[in-house]
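# here is a sequence with its predicted model. Questions after.
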Amino acid sequence: MTSDKEQPTWAREALARIDRYQDALPRRAGRAEDFGPLTLFVRRDGGGPLHARPSPGGAAARRAVRAADVERVRDRQRALGVPEVFEWVAESAPELREAAEEAGLTVQERPLLVFPADVPTPFAAAGAVPAGISVRTVAADDPRLASAVAVAHLAFAELGTHVGTAGAAELAVAVRVYAPETARTAGQIRAGTKTVVAAVEVTAGGRAGGALSSGMLPGVIDGCTEISAVGTLPAARRRGLAGAVTARLVAEARELGARTVFLGATDETVARVYGRLGFRRVGTFLEAEPAR
């Protein structure tokens, strides 16, 4: 990855907007606790736990993070009974990785990609799906929402781009397991703070079946949004479904007024798939947590 000074202007501006977005988004669902150069977000009610990240404004706006700062946040996370997780963009706090590792955390990295404003919306990819598949934006009352929520969990439990084992039977079980999350997601869709897109099977009679792939936008803040949780039912992979879902999400993001659309790929192989849609690598996402 190039240094900040070598980055083109559009990429530096995108990284700054992403930094502000990643500070603003968790404030919608939780409260922020100040730990100097770090901020811990704690969810107010419902949903999964949040995380800690560098305080907003970039390295120029705060002192460097030290291992002692990471330890203070970890003590608070343990007291709250929440996971000891830190998430950030490497370029926004280059010293945090060393501080996290010194504090005993394991750091994982993922490619950070942006869909540039001057790249056309990939409508062709959005429509390039096999016969019998429809890519659609899922409404709060759509019966496919439950499978759209559940399929992402199965996808991330079996990472990779290979055809896997989890299929329709596992999806039916996951729909029941993640029913509370489906209800929360429906409420967020109604509130306009989440958009869900899914690739669903269409039966011979024209009725839509369950979701085989899905992804979401957590909301647009100051012209910026993230494409997240894109995943395909492992048994249905290698059919272009995740690419079609991602392309539709780009179109939805632009309809909602987003100028910066970004995502974190799970690895370099997946990043190349997104690259074929028009995404460009601008940085690195980092996540630190205790070794398992």
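Good, I have the coordinates.
# any chance you could list what contacts the helix or strand containing Val149?
Using DSSP states H and E, the element containing Val149 is helix 145-157. Contact with helix 145-157 is made by 138-139, 166, 170-171, 174-175, 177-179, 181-182, 185-186, 189, 196, 198, 200, 210-215, 229-234, as judged by Cβ atoms under 8 Å, 6 or more residues apart in numbering. Just so you know, the C-beta spots here come from the backbone N, C-alpha and C atoms, and that holds for glycine as well.
# can you select the buried ones among those residues for me in PyMOL?
Only the buried entries of the contacts of helix 145-157 go into this PyMOL selection, using 16 or more other Cβ atoms under 10 Å:
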select buried, resi 138+166+170+171+174+175+178+181+182+185+186+189+196+198+200+210+211+212+213+214+215+229+230+231+232+233+234
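# and the contacts of helix 145-157, which of them are in strands?
The strands, defined by DSSP state E, take in 138, 196, 198, 200, 210-215, 229-232 from the contacts of helix 145-157.
# shaky segments in the stretch 101-250 of the chain?
204-208 (pLDDT under 70).
# run through the helices of it in chain order.
Per DSSP state H, counting those that start in this stretch, the stretch 101-250 of the chain carries helices over the ranges 123-127, 145-157, 168-177, 179-191, 241-255.
# what are the buried residues along the second one?
Within helix 145-157, the residues that qualify as buried are Leu145, Ala146, Ser147, Ala148, Val149, Ala150, Val151, Ala152, His153, Leu154, Ala155, counting by 16+ other Cβ under 10 Å.
# same deal with the first one?
By neighbour count on 16+ other Cβ under 10 Å, the buried set for helix 123-127 is Ala125, Ala126.
# use 35 as the first number from now on
Done: numbering now begins at 35, and the last item shifts to helix 157-161.
# can you tell me what sits against stretch 285-302?
With contacts defined as Cβ under 8 Å, 6+ apart, stretch 285-302 is touched by 48, 51-52, 55, 144-149, 151, 155, 157, 160, 171, 193, 229, 231, 251, 254, 257-262, 264, 280, 284, 305, 307-308, 313, 316, 319.
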